[in-house]
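A.B. asks: Output the structure for:
(one chain, ligands or ions: 1)
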Amino acid sequence: MIIIVKILIAIAVLLIVIYASSPLYLQAVEKRINRIDGAEDYKASKNSKDLHSTLFIIDLHCDSLLSYRNLLQRSSAGHSDIPRLVEGNIGLQVFGAATLIPLFPDMEKNDTGLGIAGFLAFLKHWPLNTWFSPKNRALYQGSKLHNLEDKSKGALEIIKTSNQLENYYKRYMEKTHITAGLLALEGAHVINSIPGDIDELFDQGFRIIGLTHLTDNKLGGSRHGAQKGGLTEFGKNALRRMEKLEMIIDLTHASSKLTEDVLNICSRPVMVSHTGVKGCMNNNRNLSDRQIQAIAENGGLIGIGFWKEAVGKSNVEAIVNSIKHTSDLVGIKHVALGSDFDGGVSVPFDAAGMVHITEELMRQGFSEREIRMIMGENALNFLINSLPKQ
Ligand SMILES: [Zn+2]
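C.D. replies: Modelled structure (predicted):
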């Protein structure tokens, strides 16, 4: 009995030490998992800088809300924060909320077993109610973005409606130092009741729902799941509720069967916020040409990722090659950007370095009009048409 008590006391002391000292090592951990892995020392030309400064840029996915960092301050760790979004001239950043991370994430197959997101919430000193609940972790990340908005002195605005986005866009083009955020759920395993949980997410400001993340869930299969199944009855009901609220469906990480099922029954255009394409990098994570065509026929939008496993190499040329493959296949208007900044990936530059995409698009022969569309206008039109009016 005394031995058990001693063991419990030792575990408690160890957890207290780990908890109290986490700020000391979280920055080092983040520098390791969210690396800037530039093969080249990029230097943008005056021409590309001039054009870049006139663009309205939208990035369809980052995971920066997972970071322990204060995103109002510029950091040398990770890929993005509000000052770097402003420096990179990113007018609108979609902030994903990931809430379930397997202990050993595998792009081919994950069981819904042991996850570490709760332990990471503990290490990052998130509230106690987030340690054991994926839904609370999503809502907490939503509240983090609202707190940032409150403390940003007008530098960050959260977009919830298309009217608001149109007004914000006009102000942005008058060249003030501002940026905007839009909340997206990465993985609908947090949804266990319809309409209850969906409406709660909507009320918190979530406007995009990624149906699956790294594991299968009650709605359907993940590309990385154990079964990789299609849309379930529960998933169909959830989809109907999301469409009624004019939430946007994100098929990133959805299994092939789920992608097909959703495209067959959805009544609104969908997005794939951060992906690569098999035509440039053939792996389980990426979209096939047939899937790209089906998404384009639906009027959907495809955000090309910046990281090596998505586009084949950690460099800007590989990113633009994937953009080119997609636009050659289905037309420019379906192509957008989906960096996955701070998503546990290596990228060739951080949010402040977005000009390198503009430079490489120019180098590969895209016209000014096409560059404006890819960098943000396609996503702007998509969001204006898809978000609730007010
Ligand atoms: Zn993702």
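
A.B. asks: Only C-alpha atoms from now on, for both contacts and neighbour counts.
C.D. replies: OK.

A.B. asks: Tell me which residues touch Ala226, please.
C.D. replies: Ala226 makes contact with Lys109, Asn110, Asp111, Thr215, Asp216, according to CA atoms under 8 Å, 6 or more residues apart in numbering.

A.B. asks: Then Gly96 would be within a strand, right?
C.D. replies: Yes. Counting by DSSP: H, G, I helix; E, B strand; the rest coil, Gly96 falls inside a strand.

A.B. asks: The closest residue to it other than its chain neighbours: what's it in contact with?
C.D. replies: Leaving aside its chain neighbours, Gly96 sits nearest to Ala184 (4.6 Å; criterion: CA to CA, 6 or more residues apart in numbering). Neighbour list for Ala184: Val94, Phe95, Gly96, Ala97, Phe206, Arg207, Ile208, Ile209, Gly210 [criterion: CA under 8 Å, 6+ apart].

A.B. asks: Which strand residues bridge Ala184?
C.D. replies: Gly96, Ile208 (DSSP bridges).

A.B. asks: That one and Gly142: what is the separation?
C.D. replies: Note on Ala184: its distance to Gly142, by CA to CA, to the nearest Å, is 9 Å.

A.B. asks: Ala20 too?
C.D. replies: Relative to Gly142, and taking CA to CA, Ala20 is found at 25 Å.

A.B. asks: Between those two, point out the one with more neighbours.
C.D. replies: Higher neighbour count among Ala20 and Gly142: Gly142, with 23 against 13, using other CA atoms under 10 Å.

A.B. asks: How about the backbone phi and psi for that one?
C.D. replies: Main-chain dihedrals, Gly142, degrees, to the nearest 10: phi -60, psi -40.

A.B. asks: secondary structure element for the residue nearest to the spatial centre of the chain?
C.D. replies: Taking CA atoms, centre = their mean, the centroid of the chain lies closest to His61, which sits 2.6 Å from it. For His61, the host element (DSSP states H and E) is strand 57-62.

A.B. asks: And the next helix or strand past that strand?
C.D. replies: helix 82-87.

A.B. asks: ok, residues contacting that following helix?
C.D. replies: 71-74, 91, 93, 155-156, 177-179, 350-352.

A.B. asks: Send me it as PDB with only the CA atoms.
C.D. replies: Provided in PDB are the C-alpha atoms of helix 82-87 (Å, rounded to 0.1, in the frame of the first residue of the first chain):
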ATOM      1  CA  ILE A  82       0.100  38.000 -36.900                       C
ATOM      2  CA  PRO A  83       3.200  40.200 -37.600                       C
ATOM      3  CA  ARG A  84       4.400  37.600 -40.200                       C
ATOM      4  CA  LEU A  85       0.900  37.400 -41.800                       C
ATOM      5  CA  VAL A  86       1.000  41.200 -42.200                       C
ATOM      6  CA  GLU A  87       4.600  41.200 -43.500                       C
END
